[in-house]
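> model the following, please.
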Amino acid sequence: MTPSPRASTTPRKTVKKAAAAEAVVSDNGTAYLETLMGYNASRASQTMVSHFMRGVNQFDLRTVDFSVLSIMAHQPGVTSRQLCQLLNVLPPNMVVLLRDLDKRGLIERTPHPTDGRAMGLSLSTSGKALMKKAEKAASDADAQGTAHLTAAERKTLTRLLQKIYIR
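Prediction:
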């Protein structure tokens, strides 16, 4: 017996309606938000910062502390003015930050070789040891946060993000 045309279309309509309802449920209302760069950047940032903080919290470092110490590790003799410019930190905030790092024995101040008014900032021996471990933890955290990306995708993402904040 051949099914009637009505009988064969009813299941298809039911399937289409179910698929449409499922699409609405899986969207959760975020479809528009996911078109916005700021929303996606914020969500990605929350994820990556969470991984990063798990990595460096064990060293009693905040993101800005880690950033300052990392620059000192890779550019010994950097000035506080340069740090402010590189990290977009206000000078009064940098003074407090450097004071706290100095109290922890992580940095050393030496006269700047070309600017008699400035002090060069470098890591102390204990600062170097701490940053060796902290940078390894930060790299591991980055790898965990981007584990689903290929090496090429990570490189591309890094380059694209830098195009937004480096002008």
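
> run the chain-centre distance for the helix or strand that contains residue 92.
For residue 92, the element it lies in under DSSP states H and E is helix 91-103. Relative to its chain's centre, helix 91-103 lies at 23 Å (Cα atoms, centre = their mean, to the nearest Å).

> now do stretch 66-82
For stretch 66-82, the distance to the chain centre is 19 Å (Cα atoms, centre = their mean).

> need the distance between the two termini of it.
16 Å (Cα to Cα, to the nearest Å).

> just stretch 146-155 next, same as before
Stretch 146-155: ends 11 Å apart by Cα to Cα.

> which parts of that stretch are buried?
residue 146 (16 or more other Cβ atoms under 10 Å). Every C-beta, even on glycine, is put in place using the N, C-alpha and C of the backbone.

> okay, now the sheet partners of the helix or strand following the helix holding residue 92, with direction.
Using DSSP H and E, the helix or strand that follows helix 91-103 in sequence is strand 107-111. As defined by DSSP bridges, the strand partners of strand 107-111 come to strand 119-123 (antiparallel).

> quick check: angle from the strand it pairs with to helix 91-103?
50 degrees (axes from the mean of the first three to the mean of the last three Cα atoms, to 10 degrees).

> in strand 119-123, what's buried?
Applying 16+ other Cβ under 10 Å to strand 119-123 flags 120, 121, 122, 123 as buried.

> how far off centre is it?
26 Å.

> quick one: average pLDDT of it?
On average, the pLDDT along strand 119-123 is 95.

> what comes into contact with it?
69, 72-73, 76-80, 83, 98, 106-113, 131 (Cβ atoms under 8 Å, 6 or more residues apart in numbering).

> let's go with 6 Å and repeat that
72, 73, 76, 77, 78, 107, 108, 109, 110, 112 (Cβ atoms under 6 Å, 6 or more residues apart in numbering).

> which among these gets closest to residue 127?
For those, the closest approach to residue 127 (Cβ to Cβ) belongs to residue 107, at 5.7 Å.

> possible to save the buried residues of strand 119-123 as JSON lines with distance to residue 146?
Listed next are those as JSON lines, based on distance: Cβ to Cβ, whole Å:
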{"residue": "120", "distance to residue 146": "34"}
{"residue": "121", "distance to residue 146": "31"}
{"residue": "122", "distance to residue 146": "31"}
{"residue": "123", "distance to residue 146": "27"}
